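In: Give the three-dimensional model of this entry:
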Amino acid sequence: MLFAVDLGATSGHTILGYFSPIGLEMKEVNRFPNHLIEAGGHFYWDIYELYRHIIKGLKLAARKEDVEITSIGIDTWGVDFVCIGRDGAFLRQPYAYRDPHTTGAPDAFFTRVPRSHVYGWTGIQAMNFNSLFQLDTLRRNHDSALAAADKILFMPDALSYMLTGEMVTEYTIASTAQLVNANTRKLEDALLNELGLAQAHFGRFVYPGDRVGVLTEEVQRMTGLGAVPVIAVAGHDTASAVASVPAMNRNFAYLSSGTWSLMGIETDAPVINAETEDLNFTNEGGVEGTIRLLKNICGMWLLERCRAECGETSYPELIAEASACESFRSLINPDDALFANPADMEQAIRTYCSDRRQPIPQTRGQMVRCIFESLALRYRQVLDNLRSLSPRPIEALHVIGGGSRNDLLNQWTANAVGVPVVAGPSEATAIGNIMMQALAAGAARDITSMRQLINRSIPLRIFHPQDTEVWDAAYLHFRQLTKE
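Out: Numbers count the residues shown, from 1 in each chain. Just a heads-up that it's a prediction; the model follows:
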């Protein structure tokens, strides 16, 4: 049995995965919330609470009579990190990427190091919350935790450290930091020097499939387990999710659909040029030496915020109301700064539409339809860019993650992009986590064969393009409307 810890920005769960004659099977062990803590003008993650839930999951798994855990793997969201003191203790709870202290941080950094140099080294999309800018902000603010830090560990590596006592820096999670040289696949000294840091401030550099260590005697005593190995899976949740794309060949793009939407392709080498820099595409680390050339898109965050404002109405009810509304009445650019973190998301959408002389959404159904159609058309825009960058034709778009269960958005996405949309698996991240553990254990040959196994094991839905002429016309309107 392989034990996967899958942590997202709002919730987490632990899962047992194993292989049977019918393919990969999974059983959830425990699920739990991941709450932000707001205190003293900052937002923090409660890493000790996350650790407590992981220990609880391991205890529950250890009590199962038919379970013998082979290994453990942890994946989380990207960019956030913990400062460790010389005595090995955490210096404080880690800041969350939504903390406002990095507002304007990229511009401040680029006054000292040109943006083009940073992109040329890392190939990473400049975003306020990237670890590079978090660290620079802490340094400029004379942060006491950073000043005293002996080591800096990214979130999955910090949790692995709590389980094993071993400090590592896993490649895929580190690549989200905008600190890794995309070509050498190592931390970039020029950037570390600018931050007053060195390679020694980070743990042993490892790659997906490498062994971190085994459970400490303390954890063994707490859980009832033995010296179970902890494997460095693809520590970034999107890297794990992309590893599980059930594609039968490489002629695909993927859309990891959740709070964020991440659309991209797999390449064998980074794609860093004037076009990718202008389009703000990112080159993040993948499994088996691949690069995930992708774009961050504001995903279901828009709807989640609107749902919170309208009493947590069920998704089926919202989708039914959206389906009954007039098509293409109002469109927005989902990635406009107005929607980053407004106090009132519905009002922000109304303001956007009003400013551009569009009909303002009046009903809940109109609001949801505006969001879904706009997302589908934004996906078309990003996929068109990927087509020009991809070394291979894009014959299908694989939608993975929680958004793969949204049939209406999947159909509209197929209509917009003009290629079949293959939806599933919804638990892509946990599956990718388990896959890397299986590879490390020698239970699988390579990612290609694992993907084919997933394709046979997991029910998938295929959405073929419909009404393409209508959607093509809407796309032209969308491009004109969102032109800055």
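In: By neighbour count, which bits of the helix ranked longest in the chain are buried? Give me those.
Out: For the chain, the helix with the greatest residue count under DSSP state H is helix 364-389. Burial within helix 364-389, assessed by neighbour count using 16 or more other Cβ atoms under 10 Å, is assigned to 364-383, 385-386, 389. Quick note: C-beta positions are derived from backbone N, CA and C, even for glycine.
In: again with stretch 195-208
Out: L195, L197, H201, F202, G203, F205, V206, P208.
In: ditto for stretch 415-434
Out: Those would be 415-417, 419, 421-434, for stretch 415-434 by 16+ other Cβ under 10 Å.
In: What of stretch 260-268?
Out: Within stretch 260-268, the residues scored as buried using 16+ other Cβ under 10 Å are W260, S261, L262, M263, G264, I265, E266, T267.
In: Kindly list the main-chain dihedrals of the closest residue to the first one other than its chain neighbours?
Out: Leaving out its chain neighbours, the residue that sits closest to W260 by Cβ to Cβ, 6 or more residues apart in numbering is G299, at 5.0 Å. Here the main-chain torsion angles of G299 (degrees, to the nearest 10) amount to phi -100, psi -120.
In: Give me the pLDDT value at G299.
Out: With respect to pLDDT, G299 scores 88.
In: so who does it touch?
Out: Shown in contact with G299 (Cβ atoms under 8 Å, 6 or more residues apart in numbering): S257, G258, T259, W260, S261, P334, L375, G403.
In: what do you get for V271?
Out: Neighbouring residues of V271 by Cβ under 8 Å, 6+ apart: G123, F281, N283, I291, L293, L389.
In: hang on, it is in a helix, isn't it?
Out: No: under DSSP: H, G, I helix; E, B strand; the rest coil, V271 sits outside any helix and is assigned coil.
In: Nearest the middle, which residue of this protein would you pick?
Out: Centrality entry for the chain: nearest residue to the mean C-alpha point is T238, 4.0 Å, by Cα atoms, centre = their mean.
In: I'd assumed that one was in a helix, is it?
Out: Yes: counting by three-state DSSP, T238 falls inside a helix.
In: Surely it is in contact with S256?
Out: Yes: with contact defined as Cβ atoms under 8 Å, T238 and S256 form a contacting pair (5.2 Å).
In: what do these two both touch?
Out: With Cβ under 8 Å, 6+ apart as the test, T238 and S256 both reach L262.
In: where in the stretch 1-150 of the chain is pLDDT low?
Out: Within the stretch 1-150 of the chain, no stretch has pLDDT under 70.
In: one more time with 90, if that's ok
Out: 9-10, 19-24, 65-67, 98 (pLDDT under 90).
In: Could I get the full set of helices for it?
Out: Applying DSSP state H, counting those that start in this stretch to the stretch 1-150 of the chain gives helices spanning 47-63, 105-110, 115-122, 131-140, 144-147.
In: tell me which residues in the first one are buried?
Out: Pointing back at helix 47-63 there. I47, E49, L50, H53, I54, K56, G57, L58, A61, A62.
In: any idea which of these is the one closest to D80?
Out: Each of the buried residues of helix 47-63 was checked against D80 using Cβ to Cβ; the closest is I47, at 9.5 Å.
In: That closest one against V82, yeah?
Out: Yes: if you go by Cβ under 8 Å, I47 and V82 touch, sitting 6.4 Å apart.
In: which neighbours do these two share?
Out: F90, P94, M155, A158.
In: Which one of those is nearest to A247?
Out: M155 (28.1 Å).
In: show me the contacts for that closest one.
Out: If a contact means Cβ under 8 Å, 6+ apart, then M155 has L7, W45, I47, T76, W77, D80, F81, V82, P94, I173 as its contacts.
In: gap between the longest helix of the chain and the chain center?
Out: 19 Å (Cα atoms, centre = their mean, to the nearest Å).
In: Please identify which of the contacts of V271 is nearest to V399.
Out: Once Cβ to Cβ is applied, the member of those that ends up nearest V399 is L293, at 17.6 Å.
In: Report the beta-bridge partners for the closest one.
Out: I265, N283 (DSSP bridges).
In: State the number of residues packed around it.
Out: For L293, the count of nearby residues is 25 (other Cβ atoms under 10 Å).
In: Would you confirm that it contacts G264?
Out: Yes: applying Cβ under 8 Å, one finds L293 in contact with G264, separated by 5.3 Å.
In: Please identify every residue contacting each of those two.
Out: In terms of Cβ under 8 Å, 6+ apart, L293 and G264 are both contacted by the residues L386.
In: excluding its backbone neighbours, what's nearest A474?
Out: Closest residue in space to A474, ignoring its immediate chain neighbours: F328 at 4.8 Å, by Cβ to Cβ, 6+ apart.
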